[in-house]
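Colleague: Just a sequence and a predicted model for now, questions to come.
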Amino acid sequence: MQKIPLMQAKADMVLARDVFRNDSPVGIPICGKSTVLTDTLIARLDNMDVKSVYVEGHPVWDEGDRTLEDMLSDLDRRFEKVRHDPLMSRLYDIHAEHLKRSMGDDGGR
């Protein structure tokens, strides 16, 4: 999942969270999670003054963004001395799975 400015949203991206007015999670959502964005919907959200949306995967790359492989390699380095501990190993597995899910099936690329 990635939070992006609405101006970077493109048709066929999928919302990862409900969209609310003014990014405030209070009230009724104006667009639901799992909605596929269209050019018309993006224009409507812009007219409603929505500034950003959460989309599935990691479709927008900026300079300095790290790949999934880089993040998993860093995680390996951080846990290399404690992976023998069952609790630390489980924590590693949870964090690695979260990274994989948040970057999408294809690692965000």
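Modeller: Perfect, I can see it now.
Colleague: And for Ile42, the neighbour number?
Modeller: 18 (other C-beta atoms under 10 Å). All C-beta spots, glycine's among them, are computed from the backbone N, C-alpha and C.
Colleague: State the phi and psi torsions of it.
Modeller: Backbone torsions for Ile42, taken as degrees, to the nearest 10, come to phi -60, psi -40.
Colleague: what does Gln2 give?
Modeller: Torsion angles, degrees, to the nearest 10, at Gln2: phi -140, psi 140.
Colleague: can I assume it is in contact with His58?
Modeller: Yes. The criterion here is C-beta atoms under 8 Å, and Gln2 meets it with His58 at 4.8 Å.
Colleague: right, and Glu56 touches Ala16 too?
Modeller: Yes. The pair Glu56 and Ala16 passes the contact test of C-beta under 8 Å, sitting 4.7 Å apart.
Colleague: which neighbours do those two share?
Modeller: Taking C-beta atoms under 8 Å, 6 or more residues apart in numbering as the contact rule, Glu56 and Ala16 both touch Met1.
Colleague: Go ahead and confirm Leu72 touches Leu99.
Modeller: Yes. Leu72 is in contact with Leu99 according to C-beta under 8 Å; the separation is 6.4 Å.
Colleague: where does Glu69 land in three-state SS?
Modeller: helix (DSSP: H, G, I helix; E, B strand; the rest coil).
Colleague: Next, count neighbours for it.
Modeller: Neighbour tally, Glu69, other C-beta under 10 Å: 11.
Colleague: show me the contacts for Ser52.
Modeller: Contacts of Ser52 (C-beta under 8 Å, 6+ apart): Lys3, Ile4, Pro5, Leu6, Asp23.
Colleague: From these, keep the buried residues only.
Modeller: Ile4, Leu6 (16 or more other C-beta atoms under 10 Å).
Colleague: can you list the domain ranges for the chain.
Modeller: Residue ranges for each domain of the chain read 2-55, 68-103, as given by automatic domain parsing.
Colleague: Pipe these into CSV and attach mean pLDDT per row.
Modeller: Formatted as CSV, these follow (pLDDT from 0 to 100):
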stretch, mean pLDDT
domain 2-55, 88
domain 68-103, 90
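Colleague: mind listing the strands for this structure?
Modeller: With strands called from DSSP state E, the chain shows them at 2-5, 52-55.
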